[in-house]
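Asks: below are the sequence and a predicted model for it; my questions follow.
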Amino acid sequence: MLKTHEQSGTDTAALMADIGRRARAAARPLAIASTAAKNAALAAMAEAILRNEAAIIEANAIDVANGEEAKLSPAMMDRLKLDPKRVVAMAQGIREIAELKDPVGEVIAAWDRPNGLQIERVRTPLGVIGVIYESRPNVTADAGALCLKAGNPVILRGGSDSLNSSAAIHACLVEGLKAAGLPEDAIQLVPVTDRAAVGEMLAGLGGNLDVIIPRGGKSLVARVQAEARVPVFAHLEGICHLYIDRSADLDMAVKIAVNAKMRRTGICGSAETLLVDRAVAATHLVPVLEALGKAGCEIRGTEEVRAVFAKAKPATEEDWRTEYLDAIISVKLVDGVGEAIEQIETWSSHHTEGIVAEDAAAVERFFNEIDSAILLHNASTQFADGGEFGMGAEIGIATGKMHARGPVGVEQLTSFKYRVRGSGQVRP
């Protein structure tokens with residue numbers, strides 16, 4: 001290792017307990033902070049990130065060098081690396097979050113009872129949020145800003161491979177909090193790589209942690225889901241499918257397939273399995289696979305696919321359950337939208353699925369019968385992203401069915417309470 005930002009000689013349990021207590025102390029003042037104060041903090045954070053671009057990239061260079069020495073996978077290295085464009089995107093993401101409507105205090109529903117009681121359901125912050133993530137240092141900025149906008153203190157535990165980058169970004173976030181007069185402890189970064197820190201967060205930090213959001217590889221998310229003693233918003237894998245229907249426009253199908261797989265292969269919205277309607281195998285299959293191959297993608301197909309496209313390698317059952325996060329895609333022919341739905345429901349992780357079709361009935365059936373968090377029609381699966389949904393940014397994609405599902409943005413980081421107004425009513 002060339003260098004690490006990590007604090008040495010630290011009692012991890014004591015450190016994490018203190019972080020939890022300080023986050024809890026910041027919860028009430030943050031929950032009642034004005035929209036203007038939160039937006040001022042976010043604006044100052046974005047400015048600090050741009051002003052400190054060189055320092056952030058310098059810190060990231062250390063992490064990248066360490067990652068190369070540790071032989072991280074290409075997908076992990078892609079997530080880890082920052083450049084001026086990505087730094088600017090981080091700052092822009094924070095500014096977009098500032099422009100979003102403040103969810104705290106929003107009246108979701110209101111109604112009157114026959115006895116004269118007036119009832120309102122109102123958004124409130126969730127509380128102290130823990131975010132555990134790997135490689136992606138930009139999550140430091142996204143998570144910190146989103147949690148702040150929703151009135152939640154956040155404890156950020158980035159991966160050991162991105163600690164230098166995350167620390168440089170976190171310093172900018174703290175600068176923004178100071179500038180707006182908000183509690184500095186509203187956004188804290190765990191300063192050690194000791195895996196015991198994760199264990200302390202999973203145990204709830206003495207009751208001070210209200211929810212955990214993991215963002216990383218399968219082993220991390222599986223551990224969090226298995227061991228957490230507080231609620232978790234997460235997805236385990238992004239096994240995403242793209243189905244090309246018999247009614248699909250060929251040029252559109254080619255363009256979408258290549259983008260869905262190859263734009264960024266290491267993100268959770270990258271398509272991992274391509275399904276093509278057998279009715280258009282003669283016209284659509286080869287052009288789509290040729291385009292994918294030209295873009296550098298390895299094709300793994302069934303024997304039926306290989307009979308038409310000899311460059312494909314054999315696909316096994318394991319391929320249908322694999323999240324490659326790489327330039328590899330598994331391919332199968334299906335008998336129309338019905339068999340496509342069966343394949344998806346059998347093997348999908350219920351993250352994101354797409355259909356390319358002009359037949360409205362096929363699209364409606366696809367939308368109605370598939371139980372995944374995000375469904376797309378005639379669009380790349382790589383749009384499975386909170387920023388693309390107009391949320392400014394996201395902490396992650398949730399595939400569970402309780403509370404949050406799909407991109408987790410500011411609204412998903414709130415709960416609600418009921419306000420009931422009366423005029424002297426008593427219950428008989």
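Replies: Thanks, I have it.
Asks: quick one: contacts for the closest residue to Cys240 other than its chain neighbours?
Replies: What sits nearest to Cys240 in space, not counting adjacent residues and going by Cβ to Cβ, 6 or more residues apart in numbering, is Thr352, at 4.5 Å. Where C-beta positions appear, they are placed from N, C-alpha and C, glycine not excepted. Residues counted as contacts of Thr352 (Cβ atoms under 8 Å, 6 or more residues apart in numbering) are 238, 240, 268-269, 372-376, 381, 384, 397.
Asks: pick the one among those residues closest to Gly422.
Replies: Closest approach to Gly422 among the contacts of Thr352 (Cβ to Cβ): Ala373, at 39.9 Å.
Asks: and the closest one, how far is that from Lys401?
Replies: Noted for Ala373: a distance of 9 Å to Lys401, by Cβ to Cβ, to the nearest Å.
Asks: of the two, which one has the most company?
Replies: The residue with more neighbours, out of Ala373 and Lys401, is Ala373; 20 against 10, by other Cβ atoms under 10 Å.
Asks: bridging residues for the nearest residue to the more buried one once chain neighbours are set aside?
Replies: Spatially, and ignoring its direct neighbours in sequence, Ala373 is nearest to Gly406 (4.4 Å; Cβ to Cβ, 6+ apart). Beta-bridge pairing for Gly406 (DSSP bridges): Ala398.
Asks: Gly396 is in contact with Gly406, correct?
Replies: No: using Cβ atoms under 8 Å, Gly406 makes no contact with Gly396, being 10.0 Å away.
Asks: for the worst-scoring helix or strand of the chain on mean pLDDT, list every residue counted as buried.
Replies: Within the chain, no helix or strand scores below helix 74-80, which has a mean of 86 by mean pLDDT, DSSP states H and E. Neighbour-count burial for helix 74-80, with 16 or more other Cβ atoms under 10 Å as criterion, is recorded at 75-80.
Asks: can you redo those as TSV with distance to Glu47?
Replies: Listed next are the buried residues of helix 74-80 as TSV, based on distance: Cβ to Cβ, whole Å:
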residue	distance to Glu47
Ala75	32
Met76	30
Met77	29
Asp78	27
Arg79	25
Leu80	25
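Asks: for the residues you listed, which one is nearest Glu184?
Replies: Nearest to Glu184 among the buried residues of helix 74-80 is Leu80, at 26.8 Å by Cβ to Cβ.
Asks: ok, that closest one touching Tyr133?
Replies: No: applying Cβ under 8 Å, one finds Leu80 not in contact with Tyr133, separated by 11.4 Å.
Asks: what's the burial count for Glu298?
Replies: When counting by other Cβ under 10 Å, one arrives at 15 neighbours for Glu298.
Asks: look up how far Thr265 lies from it.
Replies: From Glu298 to Thr265 the distance is 11 Å (Cβ to Cβ).
Asks: what sits in contact with each of the two?
Replies: Contact criterion Cβ under 8 Å, 6+ apart; residues shared by Glu298 and Thr265: Ala327.
Asks: quick check: phi and psi at Ile299.
Replies: Phi and psi for Ile299, reported as degrees, to the nearest 10, are phi -100, psi 130.
Asks: need the per-residue pLDDT for it.
Replies: The model reports Ile299 with a pLDDT of 98.
Asks: for it, which residues are in contact?
Replies: Applying Cβ under 8 Å, 6+ apart to Ile299 gives the contacts 289, 292-293, 305, 309, 311-313, 329, 331.
Asks: can you rerun that using 10 Å?
Replies: Contact analysis of Ile299 by Cβ atoms under 10 Å, 6 or more residues apart in numbering lists 274, 288-290, 292-293, 305-306, 309, 311-313, 315, 328-331.
Asks: would you mind measuring from it to Glu317?
Replies: 17 Å.
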